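Participant: task: produce atomic coordinates for the following.
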Amino acid sequence: MPGLLLRDGRPWRAGGPADLLLRDGVVAKIGPGLGPGDADVLDLGGRLVLPGLVEAHCHLDKTLFGGPWRPHSAGPARSVCSSWS
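Facilitator: A predicted model of the protein is given here:
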């Protein structure tokens, strides 16, 4: 498999335009002006490159999408009623 060079993309959180070299389905290199070698080339024209959106289980109050973890501070969401027992 020759690989794929994504030219002139904007990797999420990378701070600027860069090329991404993919080999065997994995990002092998990220940087400006990468040589294609034997890889096929796809020009992204400055488009945003995001990681695969495949997270199957996510607690939105805990992930903060890459930020530091913060404990839940909203208090209890429900209380136990003694008449239900």
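Participant: ok, and the closest non-adjacent residue to G45?
Facilitator: Leaving out its chain neighbours, the residue that sits closest to G45 by C-beta to C-beta, 6 or more residues apart in numbering is D8, at 6.2 Å. No exception for glycine: its C-beta is placed from N, CA and C like everyone else's.
Participant: part of a strand, is the one you found?
Facilitator: Yes. With DSSP: H, G, I helix; E, B strand; the rest coil as the criterion, D8 is part of a strand.
Participant: lowest average confidence, helix or strand, in this protein?
Facilitator: None of the helices or strands of the chain scores lower by mean pLDDT, DSSP states H and E than helix 60-63, at a mean of 60.
Participant: shaky segments in the protein?
Facilitator: Low-confidence segments of the chain, defined by pLDDT under 70: 1, 55-56, 58-70, 72, 74-85.
Participant: again, 90 this time
Facilitator: Counting by pLDDT under 90, the low-confidence segments of the chain come to 1-2, 12-16, 25-26, 37, 50-85.
Participant: now the strands for it?
Facilitator: Taking DSSP state E as the criterion, the chain carries its strands at 4-11, 18-23, 26-31, 40-43, 48-49.
Participant: switch those strands over to a markdown table; also include mean neighbour count and distance to H57.
Facilitator: As requested, the strands of the chain are exported to a markdown table (neighbours: other C-beta atoms under 10 Å; distance: least, C-beta to C-beta, whole Å):
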| stretch | mean neighbour count | distance to H57 |
| --- | --- | --- |
| strand 4-11 | 19 | 25 |
| strand 18-23 | 19 | 26 |
| strand 26-31 | 12 | 23 |
| strand 40-43 | 12 | 31 |
| strand 48-49 | 12 | 24 |
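Participant: list the contacts of D43.
Facilitator: R7, D8 (C-beta atoms under 8 Å, 6 or more residues apart in numbering).
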